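S.K.: Sequence isn't available, so here's the structure alone:
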């Protein structure tokens with residue numbers, strides 16, 4: 001197993017960890033992975049993520065379970081940012097486009113689909 005390098009930021013950051021369940025269908029999961037390939041993600045979506053103040057976002061997958069790590073400045077307000085993100089160009093269209101793969105309501109926002117995870121252990 002290889003590790004993944006972490007982007008260093010010039011400011012202190014905090015991390016949000018969220019999870020999402022995909023439909024248990026290998027073909028759909030393959031399509032979901034493909035839609036998240038760098039060349040296939042809509043530019044407006046990447047711009048919107050940065051516009052609301054997110055510094056880094058990573059999505060990991062194991063079977064049908066997706067795990068997202070979001071890094072933000074310390075003064076970032078999740079609820080405010082997600083409310084704003086939901087209004088940006090093509091964001092709801094993207095959510096609908098992705099909903100065929102996800103165990104979530106097709107009208108749900110990203111914030112409604114991706115559920116927060118609770119930190120239960122740390123080594124430091």
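M.R.: Structure's in. What do you need? Quantities reported herein were computed from a predicted structural model and do not represent experimental measurements. Residues are numbered from 1 along each chain as shown.

S.K.: From here on, just use CA atoms for contacts and neighbour counts.
M.R.: OK.

S.K.: For the chain, just list every one of the strands.
M.R.: Applying DSSP state E to the chain gives strands spanning 13-21, 56-62, 65-73, 115-116.

S.K.: Quick one: closest of those to residue 40.
M.R.: Among these, the nearest to residue 40 by Cα to Cα is strand 56-62 (15.0 Å).

S.K.: Report the separation between residue 7 and residue 13.
M.R.: 11 Å (Cα to Cα, to the nearest Å).

S.K.: low-confidence ranges in this protein?
M.R.: The chain contains no residues with pLDDT under 70.

S.K.: tell me, what residue is most central in it?
M.R.: residue 68 (5.0 Å; Cα atoms, centre = their mean).

S.K.: Just give me the neighbour total for the nearest residue to that one once chain neighbours are set aside.
M.R.: In space, and not counting its chain neighbours, residue 68 is closest to residue 59: 4.3 Å by Cα to Cα, 6 or more residues apart in numbering. Neighbourhood size, residue 59 [other Cα atoms under 10 Å]: 14.

S.K.: Next, the contact list for residue 59, please.
M.R.: With contact set as Cα atoms under 8 Å, 6 or more residues apart in numbering, residue 59 has these partners: 66, 67, 68, 69.

S.K.: Let's have those residues in CSV, adding distance to residue 40.
M.R.: Shown next, in CSV, are the contacts of residue 59 (distance: Cα to Cα, whole Å):
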residue, distance to residue 40
66, 18
67, 20
68, 18
69, 20
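
S.K.: now, among those residues, which is nearest to residue 98?
M.R.: Closest to residue 98, out of all of the contacts of residue 59 and judged by Cα to Cα, is residue 66, at 13.1 Å.

S.K.: isn't that closest one right next to residue 29, touching?
M.R.: No. With contact defined as Cα atoms under 8 Å, residue 66 does not reach residue 29; the gap is 10.5 Å.
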